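Trainee: Below are the sequence and a predicted model for it; my questions follow.
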Amino acid sequence: MPQLTHRRAVITGAGSGIGAAIARAYAGEGARLLLADRNAASLAETAITCRSLGAEVVECLADVGTVEGAQASVDRCVEQFGGIDILVNNAGMLTQARCVDLSIEMWNDMLRVDLTSVFVASQRALPHMLAQRWGRIINVASQLGIKGGAELTHYAAAKAGVIGFTKSLALEVAKDNVLVNAIAPGPIETPLVGGISDDWKRAKAGELPLGRFGLADEVAPTAVLLASEPGGNLFVGQTLGPNAGDVMP
């Protein structure tokens, strides 16, 4: 039996990478999808694929780096489907620079897109989830938010913030049957890592016990688990790590 039948799910950053993989996985599990991205072409491609899997899909062109954009996907889901059950805060950005060379603009952009958007979208979804006493918020963080990464201080700081936010919000709302958890993938072969140097990627692959970067389709099942019943019912404030062995808590 499909695990997410009729669940109303918002996935941000759904146009490519991990977000697109989660969208496909949710489509295969029977969810109704509100897919958000700022790239119209890639968003449309994901939507077509999900519809071919039998899912009902609504597209939302939005930039989560703005407050209005981060709220838009939740608002559109409520408008189209009458509510929201699952929020996957996946959209993000990744740039590389030594801390000594980071501009305040690079720092602020990273926090705005990778951290503040998670707060804004979650805050928008919570009243609906609390009212129906059921909800799942899944925040895509990174293993670098746990262990750090040279030349990625701004990214690691933002993702550590996502993990701390996840734990704190989970404590607030678990009693209302709204479960908040995070996924902290290791290095994954996605367009997001396109801006990272080849030297960095080669060195990172050499550190991994598996010896390779992961694939987006290898991360998506974790998002299905956390959204499902009964599989996800006991996860509260957890950070699950499909990371090829890069972090072993």
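Mentor: Alright, I've got the coordinates.

Trainee: can you dump the C-alpha coordinates of the helix or strand encompassing residue 139 into CSV?
Mentor: Secondary structure assigned from DSSP states H and E places residue 139 in strand 135-140. Extracted in CSV, the C-alpha atoms of strand 135-140 (Å, rounded to 0.1, in the frame of the first residue of the first chain):
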residue,chain,number,x,y,z
GLY,A,135,1.8,17.3,10.6
ARG,A,136,5.3,16.5,9.5
ILE,A,137,8.1,19.0,9.0
ILE,A,138,11.2,17.7,7.4
ASN,A,139,14.2,20.0,7.1
VAL,A,140,17.1,19.1,4.8
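
Trainee: What mean pLDDT does it get?
Mentor: The average of the pLDDT scores along strand 135-140 is 98.

Trainee: immediately after that strand, which helix or strand?
Mentor: Note on strand 135-140: by DSSP H and E, the next helix or strand toward the C-terminus is helix 144-147.

Trainee: Now do the helix or strand just after that following helix: everything it contacts.
Mentor: Sequence-wise, the next helix or strand downstream of helix 144-147 (DSSP H and E) is helix 153-173. Helix 153-173 is contacted by residues 89, 94-95, 97, 99, 102, 106-107, 110-111, 114-115, 118-119, 122, 126, 129-130, 135, 137, 139-142, 144-146, 148-149, 179-182, 184, 236-237, 239 when judged by CB atoms under 8 Å, 6 or more residues apart in numbering. Just so you know, the C-beta spots here come from the backbone N, C-alpha and C atoms, and that holds for glycine as well.

Trainee: contacting residues around the residue of the chain positioned farthest from its centre?
Mentor: Computed with CA atoms, centre = their mean, the residue of the chain farthest from its C-alpha average is residue 100, at 28.8 Å. Residue 100 makes contact with no residue, according to CB under 8 Å, 6+ apart.

Trainee: That one: what secondary structure?
Mentor: helix (DSSP: H, G, I helix; E, B strand; the rest coil).

Trainee: next one: phi and psi at the spatially most central residue of the chain?
Mentor: Most central in the chain under CA atoms, centre = their mean is residue 90, positioned 2.2 Å from the mean C-alpha point. For residue 90, the backbone dihedrals (degrees, to the nearest 10) come out as phi -110, psi -30.

Trainee: Which positions within the helix or strand of the chain with the lowest mean pLDDT qualify as buried?
Mentor: Least confident helix or strand of the chain, by mean pLDDT, DSSP states H and E, is helix 198-207 with a mean of 86. Under the neighbour-count criterion of 16 or more other CB atoms under 10 Å, helix 198-207 has 200, 204 buried.

Trainee: Show me where the chain has its strands.
Mentor: Counting by DSSP state E, the segments of the chain that form strands are 8-12, 32-37, 57-61, 86-89, 135-140, 178-183, 239-240.

Trainee: Could you provide the ones you listed in JSON lines, with additional columns for mean neighbour count and distance to residue 189?
Mentor: Formatted as JSON lines, the strands of the chain follow (neighbours: other CB atoms under 10 Å; distance: least, CB to CB, whole Å):
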{"stretch": "strand 8-12", "mean neighbour count": "28", "distance to residue 189": "19"}
{"stretch": "strand 32-37", "mean neighbour count": "29", "distance to residue 189": "19"}
{"stretch": "strand 57-61", "mean neighbour count": "20", "distance to residue 189": "25"}
{"stretch": "strand 86-89", "mean neighbour count": "30", "distance to residue 189": "20"}
{"stretch": "strand 135-140", "mean neighbour count": "26", "distance to residue 189": "15"}
{"stretch": "strand 178-183", "mean neighbour count": "26", "distance to residue 189": "16"}
{"stretch": "strand 239-240", "mean neighbour count": "20", "distance to residue 189": "19"}
